[in-house]
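Sequence below, structure please.
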Amino acid sequence: MPHAASKTISTRTTPYDVAEHLRTPEEMAAYLDAWLEEAPDDAAGITKALGDIARAKGMSQVAKDAGLSRESLYRALSANGNPSFATVLKVARALGVKLHAAAA
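Numbering: from 1, shown residues only. Below is the predicted model of the structure:
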């Protein structure tokens, strides 16, 4: 029986960017709400979620709507960012999302 030559199949992957999949205000709010629900003590994760939503909406427009420079918005929402609560509230308002409180 002849032996068939094996073929090597290469798979190409690309990094997943959640911002490409946040299209509607409802999807954006649900994404942030999931972070707030699942990781309420993860300030860096919640900041990242705000950054993902801001990228989905357009950083320049979000910065303008929040009254911040684009650079300061990027810095605040970066992996090493530590935005003030006032900045978080401004960004949330600019994103069109609300933070909610519930009894723990």
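
how far does the helix or strand hosting residue 63 sit from the chain's center?
Under the criterion of DSSP states H and E, residue 63 resides in helix 59-66. Helix 59-66 has its average C-alpha position 15 Å from the chain's average C-alpha position, going by C-alpha atoms, centre = their mean, to the nearest Å.

In PDB, please show the C-alpha coordinates belonging to the next helix or strand after that helix.
Going down the chain from helix 59-66, the next helix or strand is helix 70-76, by DSSP H and E. Extracted C-alpha coordinates of helix 70-76, given in PDB (Å, rounded to 0.1, in the frame of the first residue of the first chain):
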ATOM      1  CA  ARG A  70      -7.200  62.000  23.600                       C
ATOM      2  CA  GLU A  71      -3.800  61.400  25.200                       C
ATOM      3  CA  SER A  72      -5.000  61.700  28.700                       C
ATOM      4  CA  LEU A  73      -7.900  59.300  27.900                       C
ATOM      5  CA  TYR A  74      -5.600  56.700  26.500                       C
ATOM      6  CA  ARG A  75      -3.300  57.100  29.600                       C
ATOM      7  CA  ALA A  76      -6.200  56.800  32.000                       C
END
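
And the average pLDDT for helix 70-76 is what?
Averaged over helix 70-76, pLDDT sits at 95.

now the helix or strand following it: how far from the chain's centre is it?
Counting by DSSP H and E, the next helix or strand C-terminal to helix 70-76 is helix 85-95. With C-alpha atoms, centre = their mean as the basis, helix 85-95 stands 14 Å off its chain's centre.

Ok, stretch 77-94 next?
Using C-alpha atoms, centre = their mean, the offset of stretch 77-94 from its chain centre is 12 Å.

Show me the residue at the heart of this protein, geometrically.
Among the residues of the chain, residue 52 comes closest to the average C-alpha position under C-alpha atoms, centre = their mean, at 2.0 Å.

in the one helix or strand that one maps to, what counts as buried?
Using DSSP H and E, the element containing residue 52 is helix 43-57. Buried residues in helix 43-57, counting neighbours by 16 or more other C-beta atoms under 10 Å, are found at 46-57. No exception for glycine: its C-beta is placed from N, CA and C like everyone else's.
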